[in-house]
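Asker: test case, fold it:
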Amino acid sequence: MIKEIKTIEEFSGVSSPLIPRIFSAFKYKTGSDNAWKQVTETGVITALLSSVDGNFTLISTPQTDFDEIKEFLQFFGCQSLISNVPLTVFSKTYSLFKFCGAEDFKCDFSFSRLDNSSTAKQYKSFASLLFFEEQFDFNNWYCDFSRKIVNNDAKAIALNNLEKILSIATAPMIYKNTAIISGVFTLKEFRNHGYSKVTIYKLIKELKNDNVTEIYLWCEKALEDFYNKLGFIKTGDIYIETEF
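Answerer: Residues are numbered from 1 along each chain as shown. Alright, predicted model coming up:
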């Protein structure tokens, strides 16, 4: 059966690179956003599930009742699903990486970060790269992301020259000692100079300073060599589905 997660204690004992996504939906839920657990009659957790604006995340186990999960997704009008296993033949596979290297870097440029004192203008400068050439609702993103930053449930680092941000890397979801890196982007005219590398390393260093020891990301197959050279080791796959 599937039940709503009502307390943070219900996350204890669950270990997965996707756990920050489930936790984020639970802690910052608005509207239809929520997090659930699938349990047996004796209360054993067999899966965790969450939704943010119709985009779902699933952490399954060998005991997961996938028929019940699929019915649940269809009932709630699932638009997309990120999971540790494929649910349909339409799954697109991404490589899951864990950082196991050393964040050594030298850089003549400065870094900026979002923190408790950051203004909406600073958030907009970060968003200009994070959502480069995309249409998005800044107000909703700012409301959600700033709350996570203030509560130390997210981090964002940018590399700057004197005029503007050149490269950015974020960890938009952090749960205890686990973080997921995403939103890595460098302006086209400044690529091939190692800026993404040093920005990622700076972010990793700050995560480690906050006792985050499990640092993950997933990427398309074409980027595997890039992340291998940065000290990320492939640990599995992540599946993204948009057709059910």
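
Asker: quick one: low-confidence parts of this structure?
Answerer: Judged against pLDDT under 70, the chain has no low-scoring part.

Asker: which residues of it fall in strands?
Answerer: 2-4, 34-39, 45-52, 55-60, 80-83, 92-99, 110-113, 155-160, 165-175, 178-186, 214-219, 232-241 (DSSP state E).

Asker: the last one to strand 92-99, inter-axis angle?
Answerer: To tie it back to what came earlier, the one meant is strand 232-241. Strand 232-241 and strand 92-99 are oriented at 150 degrees to each other (axes from the mean of the first three to the mean of the last three Cα atoms, to 10 degrees).

Asker: other residues contacting strand 232-241?
Answerer: Outside strand 232-241, the residues that touch it by Cβ atoms under 8 Å, 6 or more residues apart in numbering are 17-18, 80-88, 90-101, 216-218, 224, 228. (Glycine included, C-beta is placed from N, CA and C.)

Asker: what's stretch 26-41 in contact with?
Answerer: Under the contact criterion Cβ under 8 Å, 6+ apart, stretch 26-41 has outside partners 1-5, 8, 10-11, 22-23, 25, 45-54, 63-65, 68-69, 72, 76, 144, 147-148, 153.

Asker: mind checking which of those are buried?
Answerer: Neighbour-count burial (16 or more other Cβ atoms under 10 Å) applied to these gives 5, 10-11, 22-23, 25, 45-52, 64-65, 69, 72, 144, 148, 153.

Asker: per-domain residue ranges of this structure.
Answerer: Using automatic domain parsing, the domain ranges for the chain come out as 2-87, 98-235.

Asker: any chance of these in a markdown table, plus distance to Glu243?
Answerer: Formatted as a markdown table, these follow (distance: least, Cβ to Cβ, whole Å):
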| stretch | distance to Glu243 |
| --- | --- |
| domain 2-87 | 9 |
| domain 98-235 | 18 |
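
Asker: the most centrally placed residue in the chain bridge partners, please.
Answerer: By Cα atoms, centre = their mean, the mean C-alpha position of the chain lies nearest to Ile180, the distance being 4.3 Å. Beta-bridge partners for Ile180, by DSSP bridges, are Met173, Tyr216.

Asker: list the contacts for it?
Answerer: Residues counted as contacts of Ile180 (Cβ under 8 Å, 6+ apart) are Pro17, Leu18, Pro20, Arg21, Ala171, Pro172, Met173, Ile174, Tyr216, Leu217.
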